[in-house]
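sequence plus the predicted model coming up.
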Amino acid sequence: MTGLRAPIVAGLVVAVGVGFGAAWAWRDHTAAPRRIKGTVTWSNEDAQRLVFEAGKSADSGEYQTAITEWVDAKQVRTVGHWPSCLAPKKGSLVRTDRRPAEIDVISAELSGATYRVVVAIHCL
């Protein structure tokens, strides 16, 4: 049994080293939303998309939505259903007036494309 101790310890050291090396080499896949202030210029609940203008041109553009919570202009926090500041008038599918808002966004790069997803919105 004493003769097996050195190879077992060496194997454990190699395994721990490989584990740390793998963890260091691969990027962290956790995501935290980033808040962006600007204006919603187009929204469509059926398509789950909106178009947003921000101060930085890189943050302006089309976003997918997976909104889990939103805060309206009266500071009322709501979970679920489409935010009132994005909802179209009755009988319409889209809304195109300009509405100030802050959006919480998570970005992901997959297969060379960047996806931007709104996870929360604060209607201003």
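Nice, I can see it.

which strand or helix spans the residue nearest to the spatial centre of the chain?
Taking Cα atoms, centre = their mean, the centroid of the chain lies closest to residue 106, which sits 1.9 Å from it. Following DSSP states H and E, one finds residue 106 within strand 99-110.

can you show me the strands along the chain?
Secondary structure of the chain (DSSP state E): strands located at 34-44, 49-54, 61-71, 77-79, 94-95, 99-110, 113-123.

give me the below-cutoff pLDDT ranges for this structure.
1-30 (pLDDT under 70).

possible to save the strands of the chain as TSV with distance to residue 86?
Heads up, the C-betas are built off the backbone N, CA and C, glycines and all. Output for these, formatted as TSV (distance: least, Cβ to Cβ, whole Å):
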stretch	distance to residue 86
strand 34-44	4
strand 49-54	6
strand 61-71	8
strand 77-79	12
strand 94-95	6
strand 99-110	8
strand 113-123	7
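
looking at those, which is nearest to residue 85?
Residue 85 lies closest, by Cβ to Cβ, to one member of those: strand 113-123, at 3.4 Å.

okay, now the sheet partners of the closest one, with direction.
strand 61-71 (parallel), strand 99-110 (antiparallel) (DSSP bridges).

dump it to CSV, keeping only the CA atoms.
Extracted in CSV, the C-alpha atoms of strand 113-123 (Å, rounded to 0.1, in the frame of the first residue of the first chain):
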residue,chain,number,x,y,z
ALA,A,113,-23.3,36.6,-33.9
THR,A,114,-24.1,38.9,-30.9
TYR,A,115,-27.6,38.5,-29.3
ARG,A,116,-28.9,41.2,-27.0
VAL,A,117,-31.7,40.3,-24.7
VAL,A,118,-33.7,42.7,-22.5
VAL,A,119,-34.5,41.0,-19.2
ALA,A,120,-36.0,44.0,-17.4
ILE,A,121,-37.3,47.5,-18.3
HIS,A,122,-37.9,50.6,-16.4
CYS,A,123,-40.5,52.8,-18.1
